[in-house]
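> Got a predicted model here, sequence first, then my questions.
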Amino acid sequence: MTSVALTIAGSDSGGGAGIQADLKTFQELGVFGTSALTAVTAQNTLGVHGVYPIEAAGVTAQIQAVLDDFSVGAVKTGMLFSADIIEAVAVSLRNNGCPPLVIDPVMIAKGGASLLKDEAVTALKAHLLPLATLVTPNIPEAEVLADMTIQSTADYEEAANRILSSGAKAVILKGGHSNDAQFAEDFFFRADGYSFTIKSERIATKDTHGTGCTFSAAITAFISQGKSLQEAVREAKVFIQAAISDGLQLGGGHGPTNHWA
Ligand code: PLP
């Protein structure tokens, strides 16, 4: 049977992040990708040049159309932009008996552009995190969600516990933004206290555009295929490691990760 996944995220016209990264990743992993667009960005490897949100009713209609017709094995969210869109997504998913949900709490693009309004963070925590099977913050995103400063790995457990107190079932704190020059180590924590870490060699490259989207999309694809959350996370780490080490030197800025690595 063909596995189906749904991504609820923003469009990156440059094709390296957002919906485009998600659908390419689903395709590469043998999963049929469906999508609900939350915003259109005018973007290339140099940065985000404009953000054009979709009205919340349009986001709801897309999610409903997909969930009415397909047997969706897993859902992911990426750029959600506003509190209105977050509330619409949460209501739509709740009304449809929410499939396993991976939340990539996208906030700021590498170039500094805001992909989530400041006031939308409260809505994200209140309405969407309680539905999450897994939340995948990088360190700056974890600091915002946990409302604390993360100085070192010693702070990760406290940050994870604060995020899990929202009702999310698990969180993986991605170490890509840490100051460890040798390794990129991710820390997984489940609400019942189970935890593990996954370590990989840090790859020195500037071509990392879309890594977060690609990682969370790979986890979603693996869950939609019936893998356990742990298996999905471990296999997605292998996938993203290859995608980063084979990053594409396209455009004049941060090139995209390579989805068919
Ligand atoms: N654009 C969109 C639509 C995204 O969803 C994301 C990431 O989540 C980005 C841009 C940011 O990509 P990066 O920070 O990897 O450049």
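Happy to help now that I have it.
> Show me what the helix or strand hosting residue 63 is packed against.
For residue 63, the element it lies in under DSSP states H and E is helix 56-69. On a contact count with 3 or more CB pairs under 8 Å, 6 or more residues apart in numbering; DSSP states H and E, helix 56-69 meets strand 4-12, strand 32-44, helix 83-95. Heads up, the C-betas are built off the backbone N, CA and C, glycines and all.
> between these, which one is nearest to the ligand?
Nearest to the ligand, of all the helices and strands packed on helix 56-69, is strand 4-12, at 3.3 Å by CB to the nearest ligand atom.
> And the helix holding residue 63, what's buried?
Using 16 or more other CB atoms under 10 Å as the burial criterion, the residues of helix 56-69 that qualify are 56, 59, 60, 62, 63, 66, 67.
> Just the closest of the residues you listed to the ligand, please.
Checking those against the ligand by CB to the nearest ligand atom gives residue 59 as the nearest, at 14.0 Å.
> my guess is that closest one meets residue 37, correct?
Yes - taking contacts as CB atoms under 8 Å, residue 59 lies within contact range of residue 37: 7.4 Å.
> need the strands for the stretch 151-261 of the chain, in chain order.
With DSSP state E, counting those that start in this stretch applied, the stretch 151-261 of the chain shows strands at 170-173, 183-190, 195-201, listed in chain order.
> Return the set of buried residues in the first one.
By neighbour count, and taking 16+ other CB under 10 Å as the criterion, the buried residues in strand 170-173 are 170, 171, 172, 173.
> Next, format those residues as CSV and append distance to the ligand and pLDDT.
Putting the buried residues of strand 170-173 into CSV (distance: CB to the nearest ligand atom, whole Å; pLDDT from 0 to 100) gives the following:
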residue, distance to the ligand, pLDDT
170, 20, 98
171, 17, 98
172, 15, 98
173, 16, 97
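> rewinding a little: next, format the helices and strands packed on helix 56-69 as CSV and append mean pLDDT.
Formatted as CSV, the entries for those read as follows, by pLDDT from 0 to 100:
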stretch, mean pLDDT
strand 4-12, 98
strand 32-44, 97
helix 83-95, 98
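> Just name the most buried of those.
Per-residue neighbour counts averaged over each of the helices and strands packed on helix 56-69 give the maximum for strand 4-12, namely a mean of 27 (mean count of other CB atoms under 10 Å).
> From the contact counts, what lies against that strand?
Here strand 4-12 is seen to pack against helix 18-28, strand 32-44, helix 56-69, strand 74-77, helix 211-224 when contacts are counted using 3+ CB pairs under 8 Å, 6+ apart.
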